[in-house]
Structure formats: structure tokens, C-alpha cells
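Asker: coords below, sequence missing:
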């Protein structure tokens, strides 16, 4: 597994996205998070939905993924929140060291 990971979730408001991002960083489960407004198209309860959402991308260390996922699932307002982890395969060595340092 990669040493660095981006954990992504979505939510229904900018305020909720800011709260999720702040909780992750304050708990040292993420080094930083970006919030991006998006439009999501998905099937929910048999119907296709199109809704505005906010994507939260949290950069973290691989050993912080499980507790970060647990935190997001515990505090998220959705019944079934999207929470996925994508390995970071490369990048700025200095930045990736900073990610590790900020999650200690």
C-alpha cells in the first residue's frame, strides 16, 4: 500500500464540508483538505438524483486512513456517505513528508 492517501467524501453543504475538513485536520487524521463544489448524479432508493454537493479531499498518511474513515462515518450527515481512499503514487517529496509530519 502507498504511504500517502487521499480520502474523499461528499456532503450536501459548504458548511458541512468545512466541518468535516476541520474535524479531520484538528484530529491530526489529515494534513490538509480541499473543498470543491460539484454536481453529483447518482441512483438513490431506485431514482436517479442530480444534486449539488461539496467534495472534501483529505491528504493523509496510510496508517491514518482507518481512523479517518471511522471519524467521517461517525459525524457524517448522510445515511451512506461516500468515503473512499485513493493511494498517492508520487509527488513532491517535501510535501509528502509534511503530510506525514502533520498527521503525527
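Answerer: Sure thing, it's come through. Just so it is clear, the model here is predicted, and its values are computed rather than measured. Residues are numbered from 1 along each chain as shown.
Asker: go ahead and report the secondary structure state at residue 59.
Answerer: At residue 59 the chain is in strand, as set by DSSP: H, G, I helix; E, B strand; the rest coil.
Asker: who touches it in this structure?
Answerer: Contacts for residue 59 (CB atoms under 8 Å, 6 or more residues apart in numbering) come out as 4-6, 30-33, 88, 99. No exception for glycine: its C-beta is placed from N, CA and C like everyone else's.
Asker: can you tell me the element the residue nearest to residue 14 when sequence neighbours are not counted falls in?
Answerer: Excluding its sequence neighbours, the residue lying closest to residue 14 (CB to CB, 6 or more residues apart in numbering) is residue 54, at 5.4 Å. Secondary structure from DSSP states H and E places residue 54 in strand 47-61.
Asker: repeat that for residue 99.
Answerer: helix 93-102.
Asker: what separates that helix from the chain centre, distance-wise?
Answerer: 17 Å (CA atoms, centre = their mean, to the nearest Å).
Asker: relative to strand 47-61, how tilted is that helix?
Answerer: Here helix 93-102 runs at an angle of 90 degrees relative to strand 47-61 (axes from the mean of the first three to the mean of the last three CA atoms, to 10 degrees).
Asker: show me what helix 93-102 is packed up against.
Answerer: Contacts defined by 3 or more CB pairs under 8 Å, 6 or more residues apart in numbering; DSSP states H and E place helix 93-102 against strand 4-11, strand 47-61.
Asker: for the record, mean pLDDT for the last one?
Answerer: This predicted structure assigns strand 47-61 an average pLDDT of 98.
Asker: what are the buried residues along it?
Answerer: By neighbour count with 16 or more other CB atoms under 10 Å, strand 47-61 contains the buried residues 53-61.
Asker: show the subsequent helix or strand relative to it.
Answerer: That would be, after strand 47-61 and using DSSP H and E, helix 65-75.
Asker: give me the distance from stretch 50-61 to the chain's centre.
Answerer: 6 Å.
Asker: oh sorry, the question was meant for stretch 22-39
Answerer: 6 Å.
Asker: list of residues touching it?
Answerer: 7, 10, 14, 17-18, 20-21, 50-61, 64, 67-68, 71-72, 75, 98-104.
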